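**Q** make a model of this:
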Amino acid sequence: MRLYSLSVLYKGDPKVHLLKAAYDVSTFNFFQRSSVQEFMTFTSQLIVERSGPGSRASVKEQEYLCHVYVRSDGLAGVVIADNEYPQRVCFTLLDKVLDEFSRQVSRAEWPSGSPATISYTALDGYLSKYQVWPLD
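**A** As a prediction, this is how the structure comes out:
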């Protein structure tokens, strides 16, 4: 069971953009890592774009399961995991991350923010903490 990506995005008008993300591509061949990461970023944006406000969904994409939660305020989170990772745990993680993100990052920054401008450092920690299931 493995998590590959944890992203926070903003679903604004007219498009979705990435605010912050963490990736674990260590299991991929060195030469594939950047394209796998690009695929995960693109897929996360696409899934959020196609999801309505206030919705949760799990979407199968190739050999991955993408779990998305779009809050009614436009803040969205996506976890990309393998097929065995428990769905309930992914949505619990998304709830926790989005709540914390919305407390630490001003809502005024969401529409224009980018991974370079948003100062939120907890994603890498969450990705590694939730990597092993069951949690210790």
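**Q** wait, Ile118 sits on Glu109?
**A** Yes. With contact defined as Cβ atoms under 8 Å, Ile118 counts as touching Glu109 (6.4 Å). C-beta coordinates here come from the backbone N, C-alpha and C atoms, glycine included.
**Q** what ranges do the strands span in the protein?
**A** Taking DSSP state E, the strands of the chain run over residues 3-11, 16-23, 55-61, 64-70, 75-82.
**Q** of these, which is nearest Arg103?
**A** Arg103 lies closest to strand 75-82 among the strands of the chain, at 11.3 Å (Cβ to Cβ).
**Q** which residues are contacting the closest one?
**A** 1-11, 16, 40, 43-44, 47-48, 51, 61, 63-70, 90, 93-94, 97-98, 101-102, 110 (Cβ atoms under 8 Å, 6 or more residues apart in numbering).
**Q** buried ones among these?
**A** For those, a neighbour count by 16 or more other Cβ atoms under 10 Å gives the buried set as 2-11, 16, 40, 43-44, 47-48, 51, 64-70, 90, 93-94, 97-98, 101, 110.
**Q** nearest to Phe30, out of the strands of the chain?
**A** Checking the strands of the chain against Phe30 by Cβ to Cβ gives strand 16-23 as the closest, at 14.1 Å.
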